[in-house]
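Novice: mind folding the following:
(one chain, ligands or ions: 1)
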Amino acid sequence: MALTCVCMSANVYVVCLQHALSTEKEEVMGLLIGEIDVDAKAKISAVVMLRRSDKSKDRVEISPEQLTAATIKAEELARTLGQPMRVLGWYHSHPHITVWPSHVDVQTQAMYQMMDQGFVGVIFSVFLEDKTTKEQEVQVTCFQSPSRMAEGSMTPDHYMDRVEIPLRIVTSTCLSQPCLQSMVELPEILVEEEDEVYQATKRLPYLNQLAQLHNSAVYTKSLCHIAEVVEGPLLNALEQRHASNLKKCEDLAHEMKQLTQALASLPPIKSA
Ligand SMILES: [Zn+2]
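Specialist: Below you'll find the predicted structure:
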């Protein structure tokens, strides 16, 4: 089944973008959760951000353990929301490069499509600058591999082929609980990644005191960087949202009071 369209909730778009913008040096990735309706339209409503086991510049991969954990999360969400949910696709970032999938991306996509024909790939290109306006740009693309390729009947020459899937961002009135959870998890994931690298340096043999001091300084600097560029702005944004929600509650309470007073001043309805 080829997809006709992908509808991504604005919540998911914000979470993916926040993840993509968290690092300028390496690609990040995650899994998309939702459901496919009878018209082959994929509706994406939640995200699982993935921790990177390999931080090289252009390398992104999903381990079987991560895929299993995401499947369990999708099942939990299905129970909470009372609607079918499963892992529908993957997303990754392209910092400083064009949004188009590389031949490795198209090949990876073909591999997932062999297991699930409705599987979809989304790429967020970030940290690009418009040459004329000098403004930061974000580009998004949604793609699948040609079905011939997923069936294994194509030569490597065709690997640059891709099928573009129309992507729609669906507005939402509030920040959903699963997406808020993912946003809050991001700094934790980044800290875990830094911690893993730092702990590995401690196991190195023959490290003199100066080298140890250097490593712990690099670790501290990385944690401060996460606090400055991810946690701080996130806390600010959530505090502002909280303040605006409180104001909205106050306005609605005031409106309700006025309507109740207006209702009380109406003459009683006479029954026939
Ligand atoms: Zn890529």
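Novice: assign the residue in the stretch 1-150 of the chain that the ion sits nearest to to helix, strand or coil.
Specialist: Closest approach of the stretch 1-150 of the chain to the ion (C-beta to the ion) occurs at D105, with a separation of 4.1 Å. In short, each C-beta sits where N, CA and C put it, glycine included. Following DSSP: H, G, I helix; E, B strand; the rest coil, the label given to D105 is helix.
Novice: please look at it and G121 and confirm they touch.
Specialist: Yes. Here D105 reaches G121: they are 6.6 Å apart, a contact under C-beta atoms under 8 Å.
Novice: mutual contacts of these two, please.
Specialist: Taking C-beta atoms under 8 Å, 6 or more residues apart in numbering as the contact criterion, the residues that touch both D105 and G121 are H92, F143.
Novice: now the residue lying closest to N215 once chain neighbours are set aside: how far from L88?
Specialist: By the measure of C-beta to C-beta, 6 or more residues apart in numbering, the closest residue to N215 outside its immediate chain neighbours is T201, 4.6 Å from it. Counting by C-beta to C-beta, to the nearest Å, the separation of T201 from L88 is 38 Å.
Novice: re earlier: the residue nearest to N215: which element?
Specialist: Counting by DSSP states H and E, the secondary-structure element that holds T201 is helix 177-202.
Novice: check which residues of that helix are buried.
Specialist: By neighbour count with 16 or more other C-beta atoms under 10 Å, helix 177-202 contains the buried residues 178-179, 182-183, 185-187, 189-191, 193-194, 198.
Novice: what of stretch 7-20?
Specialist: By neighbour count on 16+ other C-beta under 10 Å, the buried set for stretch 7-20 is 7-9, 11-20.
Novice: what's the answer for stretch 89-104, then?
Specialist: Buried residues in stretch 89-104, counted by 16+ other C-beta under 10 Å: G89, W90, Y91, H92, S93, H94, P95, V99, W100, P101.
Novice: and the end-to-end length of it?
Specialist: Chord length of stretch 89-104, first to last residue, is 16 Å (C-alpha to C-alpha, to the nearest Å).
Novice: pull the distance from that stretch to the chain's centre.
Specialist: For stretch 89-104, the gap between its own C-alpha mean and the chain's C-alpha mean amounts to 14 Å (C-alpha atoms, centre = their mean, to the nearest Å).
Novice: number the residues from 40 up from this point.
Specialist: From this message on, residue numbering opens at 40, which makes the last subject stretch 128-143.
Novice: and for P103, the neighbour number?
Specialist: Neighbouring residues of P103 were enumerated by other C-beta atoms under 10 Å; the total is 7.
Novice: packing partners for the helix or strand where L302 lies?
Specialist: Counting by DSSP H and E, the secondary-structure element that holds L302 is helix 271-303. Packing partners of helix 271-303 (3 or more C-beta pairs under 8 Å, 6 or more residues apart in numbering; DSSP states H and E): helix 216-241.
Novice: for the helix it packs on, packing partners?
Specialist: Using 3+ C-beta pairs under 8 Å, 6+ apart, helix 216-241 is in contact with helix 49-59, strand 80-88, helix 248-265, helix 271-303.
Novice: okay, the third one in CSV with CA atoms only?
Specialist: If I follow you right, that is helix 248-265. Extracted C-alpha coordinates of helix 248-265, given in CSV (Å, rounded to 0.1, in the frame of the first residue of the first chain):
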residue,chain,number,x,y,z
GLN,A,248,45.7,13.6,35.8
LEU,A,249,45.8,16.4,33.3
ALA,A,250,44.0,14.3,30.7
GLN,A,251,41.4,13.4,33.3
LEU,A,252,40.9,17.0,34.3
HIS,A,253,40.6,17.9,30.6
ASN,A,254,37.9,15.2,30.0
SER,A,255,35.8,16.3,33.1
ALA,A,256,36.1,19.9,31.9
VAL,A,257,34.8,19.0,28.4
TYR,A,258,31.9,17.0,30.1
THR,A,259,31.0,20.0,32.3
LYS,A,260,31.1,22.3,29.3
SER,A,261,28.8,20.0,27.3
LEU,A,262,26.2,19.9,30.2
CYS,A,263,26.3,23.7,30.5
HIS,A,264,25.7,23.9,26.7
ILE,A,265,22.6,21.7,27.0
